[in-house]
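Trainee: what follows is a predicted protein model with its sequence.
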Amino acid sequence: MMLRLFRRTSLYGSLLLGVSLALSANSASHAESLIRRGIVGEPNAFDPAKASLWHEYYLMKDMFEGLVIYDNKGNIAPGVAQSWEADADGSVYTFKLRDNAKWSDGTPVTAHDFAYSWKRKVNPETASMDPRLLYPVKNAQKISKGEMKPDDLGVAALDDLTLQVTLEGPTPYFIENVAHGTMLPVNKANVEAHGEKFARPGVMVSNGPFTLHEHVPNDHITLVKNDKYWDADNVHLDKVEFVPTLDQAASVRRYEAKELDMLTGVPTSELPRLKEAFKEQVNIAPSLTVEYYVFDTRQKPFDDKNLRRALSMVIDRDFIVDEIFSGAGTPAYSMIAPGIASYGEPSKVDFAGQSMVDREDKALELIAEAGYGPNGKPLEITIRYNTNATNEQVATAIAGMWNEAFGIDVKLHNLDLASHYGHLQSGGEFQVARASRTPEYADAVATLSLDISTQKTYNYGRFNSPDYDDLIGRSHTELDAAARSKLLHDAESILMESQVIMPLVNTANIWLVSPKVSGFENNPLNEHPSKYLSVRKEY
Amino acid sequence: MIYVILRRVVSTIPTLLMVITASFFLMRFAPGGPFTLEHPLPPEVMANLMKTYKLDLPLWQQYIHYLFNALRGDFGPSFVYKGSSVYELITSGLSYSFILGAWALLIGVAGGIVVGTIAALNHNRLPDYGPMLVSTIGITIPNFVIGPLLILLFSIKLGWLPAGGWGTGGVYNLILPIITLALPQIAIYARLVRGSMIEALHSDHIRTVTAYGLPQYVIVIVHALRGALLPAVSYMGPSAAALLTGSVVVETIYSVPGIGRYFVIGALNRDYTLVMGTVILIATLVIVFNLLVDVLYSVLDPRGRYD
Amino acid sequence: MTEAVNSISRSNSGRGLFRLAMLRFSKNKTAMCGAIILSMITVFSFIGPFFTQHSYHQNYVSFVNLEPGLRAHPDISALPKVAQRVAGRARVELADFTTEGRTFQATLRADQPISGNIARYFDRSSEFDETIIVSRTDDGKVVKLSGIIPSYYFLFGTDANGRDLMTRIMLGGQISLTVGLLASLVSLVIGVLYGATAGYLGGRTDEIMMRVIEILYSLPFVFLVVVLVVFFGRSFILIFFVIGAVEWLDMARIVRGQTLALKRRDFISAAESLGLSDWQIIRVHIIPNTLSAVIIFLTVVVPKVILLESFLSFLGLGVQAPLTSWGSLIADGASSMQSSPWLLLFPATFFVLALYSLNFIGDGLRDALDPKEK
């Protein structure tokens, strides 16, 4: 068998070898309008049920269209659903589908397609990567756990164009969930005919503005305009080419060589130079991502709040933002990044407004109370982070700050991403560890609910506060928006006061966008569907 | 001769088996798994995934499964690239790596022989130092520096060549990655050939031939080169296997869709089946090329090697 | 008796032979040139840190990404702006700022009495040092400060964390050269013992031992290293051990070949007839006689290992920060070669010079030791 594999490929290889140099590079025609978008890595999946990463959702949302979509400004817009309404307490949603939505094979998109796709998504046999956004729907989590059948999911197609969704309870942010890249429909006939292999060029049937045309792993993914799409008249691009580039520096070079038209994942260290060279082509928009360090409260002495607060106080976040993130971000003092409309201004930690010198004075008192610091017991701290140039710079800077302020000996320990998070998520012990969070949907609870004491996977530091658990629990059932916001703000204050989680930076999304591209808008949700983009031929 | 080759072929089976076993278990000892992401998965989702990919079975059962499937030519699905099988990923990637690698090997060997021979003929004179100094660049500057520098010059400053990507696979796209791959090979082959050529030129055989008054190029090409190539030939086995299976650095820098990155990405992502697939492929290639080289060696070196 | 046997083998490898080799080596211009450059780099890396102003992990918050140069930092002309910023952070107004030589005087004003810790605001930034309050007037609403301006020199510039690049290159040199040497020694020890044992014992043992090598050969090396580093972590010791552990295969093959050839020589059978044990024969006769092949091999392996370490650094699997190696510095520098080219240029220069030197020393040694060229 091995020999067969070897022989086939070598034959193929040597054949190609013969012709490869004979072919000229330039054969692409320039008649059609094409955009080349750099993405940070090869997508792991083309099946919406198996997607879980940001760069995959860009692709998914271009190929498939959900009931509700985000436009290029990050606002909710009607997708396949023309309109939707919730009942009085917000636990039953009814979506009215447009009658002209079609799959790329010409068949109509119906409410049954959505019911099928969502049931498929929570079905344990599908082994989907991220069904969490469906969990507000009645029975979704129980189905995922195998306790109920997929057909028990709270979705019902009342007729071809009406979809009724019954939720576990009132969920104020449900429409945000519906707009997410994991809630996209798949074509039942297509999936049943081809099984796992439906998500391939030439086979896949989709309902979005574009269809999958070509895929060379690690080289490019080409989408072409879907003529059957209901809003095809407003789609300006004929082709979208996604170019996965793992190495950030390499992708910037390809942008500089004008081989990419837009690109995200720009190394912050290169920002000053790029701003100089490309001026307004560099787009920096605040994101909802918070970079933070977490203390392991199971480990002495990190169970001591005074120590944690002292360590957090002396970190000069302005330096980290200005020098390491090259100004692309803001100093973070709260668990939630500003920019979630329903939440407003987050609850910051109490020392957020104080000057560095005042904080240093206070920190010295606190650390003395904890028994450490310049005149106390010696302390050695190990910071764990996943291997990455920026993470290393941040850790180095923080090590220096702790050493300077308290004379603490700081060691660094970096591992590859899988080892780092594998350790944290399996409950491994540590002292201080780096992590980051981006809310799955634009609601504060998406982030805050991860730190309740019963949460063993995400709550790396084992933060444990009955008051916090209680506030989060009450927020789930609170219908009044203002009261709910108050509960969540109070919860955030408790978390911040404890400083088990020590926020560092709200990062920014950085995009390089060629001047020939129009329709690109900065937005905190980082939504940039190709549907709204167009390219000018010459510039 | 045939018997020896046959024996070698048969003896690769236990070798491969050992390689599979060793890498299978080594891989599993690393912390984390294929579904460990920055965003942790809920426990039930993780459980469903583990079940679907049969990762919840005891390790020895997984091993037996893997072994049997591999024997049947089924290298399993990739855990990370969902919907693709390891076989598909590897065959697709190999076709690209193979082209780059073959050119790099060709240029490396040819360039190395030329440089090495010139240097040896001018032993300890300027035409010895000069070419050796230049060719040694390939093994003194890491290719992750040479690559970006070439791109900076030829793609960004001059705009002559693309900065990356396979494109249509034309000469424009391939020239920079091939040069980057070939440079260290030129250096290594040049050093090997130079050393053995100097030795060969001092041998009694060549002295005799020189005494006959034959022209120098005849002496070098017909008489000295044959012996002088032996060390280069024995290096060709491992170097061909390594080049043809891609280079993680060159593929990363030039965004080439080859398989060189798969070990590293696969190992870092814990894509167990993908790593196993590449390991088996490389092990097989190493064994095959070493065998080919031994055959070639025994053709070039009449004294034989099997004693 | 062992004494006698020892002396036989000694005379065999011969002190005279070595002296001759050294003489030949010293006549080889490129090799000597390489040796001189390499010793200079070694001295720079190991002795240099005693003479620099900075430690390799000292972050200068105010001196991030400084370009290389001979000037003293901070630059006096830039100081008023810095003082302005410091005053701004302390929420007071900078009324006056003067410098004289490397000292400064500042007058601050505010609507409220200024707190006594104002001096610390100045000391916090690396530009000012030993700031003291000279006078407080107007109920403490006006404060005069004075202090000194330290002089720092960053000949090679600083990195993104404000660390002195030259000191980092010295540390990088220590690590890279040590990793190179130690990894090669590890591969040498394993390789020589393994190869000599296999070659001398021969037969079935030899066959099995060579089969093990064949298996290891066919394991892709990159995979092996990645897995070992991921598995065992990234300590400095591990990195050279891992590299050494994968590099010994060639050594073992070479030594085995040499041993096979030696075995047919008379003095081995003589030793056997004298009743020496296998291990004694291997230790006393076989290993010393493979020495010249071993030295030649070593000179090939050392630069190879250093290059390999740089490759690991490129993959993000190099030595644990804040330690660094030339490879790590180059990998970092390569990613920002357009914004801060000096971060690539300086470490790469040292790296390339060292590797060139090692390669030429290797060539020189080979020419000098190779008996065929006498």
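Mentor: Arrived safely.

Trainee: can we go C-alpha only for contacts and neighbour counts from here?
Mentor: Will do.

Trainee: list the contacts of the host helix or strand of A:E56.
Mentor: Assigned by DSSP states H and E, A:E56 belongs to helix A:54-63. Residues outside helix A:54-63 that contact it (CA atoms under 8 Å, 6 or more residues apart in numbering or on different chains): A:39-41, A:43-48, A:51, A:181-182, A:184, A:206-212, A:223, A:242, A:527-531.

Trainee: who touches whatever residue of the stretch 151-300 of chain C ends up closest to chain B in this structure?
Mentor: Distances between the stretch 151-300 of chain C and chain B by CA to the nearest CA are smallest at C:S218, namely 4.3 Å. By CA under 8 Å, 6+ apart, the residues touching C:S218 are B:19, B:282-284, B:286-287.

Trainee: related to what we said a few turns ago, direction included, what does the very next helix or strand once past the helix holding A:E56 pair up with?
Mentor: For helix A:54-63, the following helix or strand on the C-terminal side (DSSP H and E) is strand A:68-70. Within its sheet, strand A:68-70 is paired with strand A:76-78 (antiparallel), according to DSSP bridges.

Trainee: the next helix or strand along the chain from the strand it pairs with - what's its average pLDDT?
Mentor: Where DSSP H and E defines the elements, the next helix or strand beyond strand A:76-78 is strand A:81-86. Strand A:81-86 shows a mean pLDDT of 93.

Trainee: what's strand A:81-86 in contact with?
Mentor: Taking CA under 8 Å, 6+ apart as the rule, strand A:81-86 contacts A:66-68, A:92-98.

Trainee: any buried residues in it, and which?
Mentor: Buried residues in strand A:81-86, counted by 16 or more other CA atoms under 10 Å in any protein chain shown: A:81, A:84, A:86.

Trainee: who does it pair with, and is each partner parallel or antiparallel?
Mentor: Paired with strand A:81-86 in the same sheet, following DSSP bridges, are strand A:92-97 (antiparallel).

Trainee: can you name the residue of the stretch 101-250 of chain A nearest to chain C?
Mentor: Closest point on the stretch 101-250 of chain A to chain C, by CA to the nearest CA, is A:A249, at 5.9 Å.

Trainee: Provide the secondary structure category for that residue.
Mentor: helix (DSSP: H, G, I helix; E, B strand; the rest coil).

Trainee: burial check on the closest residue to A:E65 other than its chain neighbours, number of neighbours?
Mentor: Counting by CA to CA, 6 or more residues apart in numbering or on different chains, A:E65 lies nearest to A:G208, which is 4.6 Å off, once chain neighbours are set aside. By other CA atoms under 10 Å in any protein chain shown, the residues close to A:G208 number 30.

Trainee: pLDDT wise, what is A:G208 at?
Mentor: 93.

Trainee: looking at this, it is in a strand?
Mentor: No. Read with three-state DSSP, A:G208 is coil and lies in no strand.

Trainee: tell me the strands in the stretch 151-300 of chain C, going along the chain?
Mentor: C:152-153 (DSSP state E, counting those that start in this stretch).

Trainee: shaky segments in it?
Mentor: Counting by pLDDT under 70, the stretch 151-300 of chain C shows low-confidence ranges at C:233-234.

Trainee: which parts of it sit against chain B?
Mentor: C:211, C:214-220, C:222-223, C:226-227, C:230-231 (CA under 8 Å from any CA of the partner chain).

Trainee: now B:P142. Nearest residue, chain neighbours left out?
Mentor: B:P142 sits nearest to C:L307 (CA to CA, 6+ apart), 6.7 Å away.

Trainee: I'd say A:L184 and A:I69 touch.
Mentor: No. Counting by CA atoms under 8 Å, A:L184 does not reach A:I69; the two are 9.8 Å apart.

Trainee: these two: who's more crowded?
Mentor: Higher neighbour count among A:L184 and A:I69: A:L184, with 29 against 25, using other CA under 10 Å.

Trainee: check whether the more buried one sits in a helix, strand or coil.
Mentor: Applying three-state DSSP: A:L184 is coil.

Trainee: closest to the centroid, which residue in chain B?
Mentor: In chain B, the centroid-proximal residue (CA atoms, centre = their mean) is B:A242; its distance is 1.1 Å.

Trainee: next one: the closest residue to chain C within chain B, what pLDDT does it get?
Mentor: Here the residue of chain B nearest chain C is B:A283; by CA to the nearest CA that distance is 4.3 Å. B:A283 carries a pLDDT score of 87 in this model.

Trainee: from C:T158, how far out is it?
Mentor: 44 Å (CA to CA, to the nearest Å).

Trainee: cool, B:P43 as well?
Mentor: Distance, B:P43 to C:T158, by CA to CA: 46 Å.

Trainee: of those two, which one has the most company?
Mentor: Using other CA under 10 Å, the more surrounded residue of B:P43 and C:T158 is C:T158, with 25 against 12.

Trainee: which is the succeeding secondary structure element to the worst-scoring helix or strand of chain A on mean pLDDT?
Mentor: Between all helices and strands in chain A, the lowest mean by mean pLDDT, DSSP states H and E belongs to helix A:2-20, at a mean of 40. Moving toward the C-terminus from helix A:2-20, the next helix or strand (DSSP H and E) is strand A:34-39.

Trainee: and that next one, is it in reach of chain B?
Mentor: No. Strand A:34-39 is not in contact with chain B by CA under 8 Å from any CA; minimum separation 11.4 Å.

Trainee: by neighbour count, which of the residues of the stretch 151-300 of chain C next to chain B wins?
Mentor: Neighbour max across those (other CA under 10 Å) = C:L219, 26 neighbours.
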